[in-house]
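J.: fold the following, please.
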Amino acid sequence: ILNETTKAYLGKDTQVNGSNGSAGSGQDVNQLASDQTNIIGIAGGLSAGGTVGVGAAADIAVVTKVTDAYIAKESVVKATQDILVQAESDEKFVSVSASLGVGGTVGIAGSAGALVINNTTKAHIDGGNTASKGADVHAAGNVVVSAVNNTEVDGVSGNVTASGTVSVGAAAVVTVVTKNTEAFIGENAKVIADATTNSATVYSGDFDVTFGTDSSNEDFPTADNDGKLSGLNIEVGAPAPANMDVNEDGNNDLGDDSFTKQRSTAPVTRTLKGLAVTAINTDDIETIGASGGASGSVAVNVGGSVNVMNSTTNAYIDQDAQINTDQTDASTEQEVLVAAGNDYSHLGVAAVVSLSGVAAVAPGADVAVVNNSTKAYIEDGADVHATDDVRVEAVSKQDVLAIAAGAAASGSVAVSGAVAVVVIENET
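T.: Alright, predicted model coming up:
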């Protein structure tokens with residue numbers, strides 16, 4: 001269980017460069033709250049018995065993170081160049097669980113990886129319930145309010161069972177992710193970005209998605225004589241299946257790059273003079289649940305992968321905020337950008353194999369339930385000015401590859417089944 005809170009802030013009534021008449025031209029105010037988390041969880045179980053062998057392994061992690069950068073209400077912050085308020089959160093989770101059960105009569109093995117993530121990433125200039133209560137921020141150059149959250153999960157769960165009579169195995173990977181990524185200027189806050197200095201590089205809200213050479217590595221880590229682990233750079237990759245013409249039209253129905261190549265996404269940036277309020281979120285969830293077993297009489301193996309994602313990405317200027325209302329010193333290139341971007345990628349594989357002399361049963365399932373909300377907006381009552389463009393943009397992308405496969409063979413009865421279930425609700 002991990003709880004992390006990272007903050008960078010200027011508190012209520014803070015005065016930064018309040019009297020700024022003699023300040024140099026290179027004066028910046030830069031707030032950055034940044035949190036990088038890397039978690040590797042490994043669980044293994046091995047059991048062998050003359051009659052009964054039972055092996056079990058479970059890797060469970062619960063992670064709660066808050067990354068927050070802000071200028072509090074009633075503060076006055078000035079700079080002759082730029083004012084930056086940035087929150088950045090990155091997570092990489094690797095979960096490996098494996099078990100082996102071998103018995104002369106009965107072999108049983110179970111393995112599971114479970115990850116629960118609750119993540120909040122925010123960057124904001126706070127307002128108040130009256131005009132005098134909001135923060136007052138003025139940059140001769142640019143004001144950038146940016147929240148970025150990137151999450152990657154690679155989960156592998158597998159087991160093998162063998163016995164003379166009965167073999168039972170089950171493997172599952174479960175991820176439950178709840179994320180809130182926000183960048184905003186609050187109610188009654190006053191922000192001026194005159195745009196008279198060099199451009200700032202900001203996120204546009206869009207993404208550049210590419211497919212390249214698969215660099216995946218699903219090998220389980222190994223330990224030396226001292227117990228030191230190696231091979232922890234696990235990366236679940238594309239399945240690379242053979243060609244298949246399902247509808248017999250002469251074309252390969254598995255020719256999409258997602259089947260054979262590694263997907264990569266990068267937020268697109270642009271240059272801007274003025275004010276940018278941007279919220280960017282990416283999720284890359286890749287899981288494998290595999291189970292295999294063999295026995296002289298009965299073999300039952302179950303494999304599954306489940307991903308539940310609830311993500312909210314918002315960029316906005318709240319009601320009654322005052323943006324660039326004083327145009328006295330504004331550049332002719334002054335822009336306002338409010339942009340929100342969300343990219344979700346899921347690769348899920350469930351595979352099971354059962355072999356027996358009498359009866360073999362092998363069901364497999366991959367399930368993805370996704371709720372994404374991505375919004376960029378200027379609220380009613382906000383007063384927003386710019387000598388150039390005012391742009392409000394929201395982009396949401398999803399890429400899901402779900403594979404479920406089951407195989408069973410026996411001398412009498414063999415039953416196998418596999419299902420992939422994908423439910424996506426997307427609001428942009």
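J.: now for E427: which residues touch it?
T.: N372, S373, T374, K375 (C-beta atoms under 8 Å, 6 or more residues apart in numbering). Any C-beta I mention is one placed from the backbone N, CA and C, and that applies to glycine too.
J.: hmm, try it at 6 Å
T.: S373 (C-beta atoms under 6 Å, 6 or more residues apart in numbering).
J.: how far away is it from G113?
T.: For E427, the distance to G113 equals 30 Å [C-beta to C-beta, to the nearest Å].
J.: tell me which helix or strand the residue sitting nearest the centre point of the chain sits in.
T.: Per C-alpha atoms, centre = their mean, the C-alpha nearest to the average position across the chain is that of D283, at 2.4 Å. Assigned by DSSP states H and E, D283 belongs to strand 274-295.
J.: now that strand, how far from the centre of its chain.
T.: 6 Å (C-alpha atoms, centre = their mean, to the nearest Å).
J.: what's the answer for stretch 369-386, then?
T.: For stretch 369-386, the distance to the chain centre is 21 Å (C-alpha atoms, centre = their mean).
J.: next, the buried residues of the next helix or strand after the strand holding D283.
T.: Heading C-terminal from strand 274-295, the first helix or strand you meet, by DSSP H and E, is strand 298-317. Neighbour-count burial for strand 298-317 flags 298-317 (criterion: 16 or more other C-beta atoms under 10 Å).
J.: looking at it, A315 is touching A276, isn't it?
T.: No. Using C-beta atoms under 6 Å as the test, A315 is too far from A276 to be in contact (9.2 Å).
J.: what helix or strand is the residue nearest to I117 when sequence neighbours are not counted on?
T.: Nearest-residue entry for I117: V177, 4.6 Å, with adjacent residues in sequence omitted and distances by C-beta to C-beta, 6 or more residues apart in numbering. When elements are assigned from DSSP H and E, V177 belongs to strand 166-185.
J.: that strand to strand 298-317, inter-axis angle?
T.: Interaxial angle, strand 166-185 versus strand 298-317 (axes from the mean of the first three to the mean of the last three C-alpha atoms, to 10 degrees): 0 degrees.
J.: run the chain-centre distance for strand 166-185.
T.: With C-alpha atoms, centre = their mean, you get 10 Å for strand 166-185.
J.: cool, and stretch 125-140?
T.: With C-alpha atoms, centre = their mean, you get 32 Å for stretch 125-140.
J.: now swap in stretch 397-416 and tell me
T.: Put simply, stretch 397-416 sits 27 Å off its chain's centre (C-alpha atoms, centre = their mean).
J.: for that stretch, what is the average pLDDT?
T.: Stretch 397-416 comes out with an average pLDDT of 77.
J.: looking at the chain, which helix or strand is least sure?
T.: In the chain, no helix or strand scores lower on mean pLDDT, DSSP states H and E than strand 229-230, which sits at a mean of 50.
J.: continuing past that strand, what's the next helix or strand?
T.: Next element after strand 229-230 (DSSP H and E): strand 262-272.
J.: for that next one, give me every contacting residue.
T.: 199-204, 206-212, 214-215, 280, 282, 335, 337, 343, 345.
J.: what about Y377, how many residues nearby?
T.: 16 (other C-beta atoms under 10 Å).
J.: from the contact counts, what lies against the host helix or strand of it?
T.: Using DSSP H and E, Y377 falls within strand 359-378. When contacts are defined as 3 or more C-beta pairs under 6 Å, 6 or more residues apart in numbering; DSSP states H and E, strand 359-378 sits against strand 298-317, strand 335-356, strand 390-410, strand 413-427.
J.: export the longest one as CSV, just CAs?
T.: To tie it back to what came earlier, the one meant is strand 335-356. Below are the C-alpha coordinates for strand 335-356, written out as CSV (Å, rounded to 0.1, in the frame of the first residue of the first chain):
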residue,chain,number,x,y,z
GLU,A,335,-3.2,33.9,-27.5
VAL,A,336,-5.4,32.0,-25.1
LEU,A,337,-5.3,28.2,-25.3
VAL,A,338,-7.5,25.8,-23.2
ALA,A,339,-6.7,22.2,-24.1
ALA,A,340,-7.5,18.7,-22.7
GLY,A,341,-6.1,15.5,-24.1
ASN,A,342,-6.6,11.9,-23.1
ASP,A,343,-5.0,8.8,-24.7
TYR,A,344,-6.0,5.2,-23.6
SER,A,345,-4.3,2.1,-24.8
HIS,A,346,-5.1,-1.5,-23.7
LEU,A,347,-3.6,-4.8,-24.7
GLY,A,348,-5.2,-7.7,-22.9
VAL,A,349,-4.4,-11.4,-23.5
ALA,A,350,-6.1,-14.4,-21.9
ALA,A,351,-4.8,-17.8,-22.9
VAL,A,352,-5.6,-21.3,-21.5
VAL,A,353,-4.6,-24.8,-22.5
SER,A,354,-5.9,-28.1,-21.0
LEU,A,355,-4.8,-31.6,-21.8
SER,A,356,-6.2,-34.8,-20.2
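J.: state the mean pLDDT of that strand.
T.: So the average pLDDT for strand 335-356 ends up being 88.
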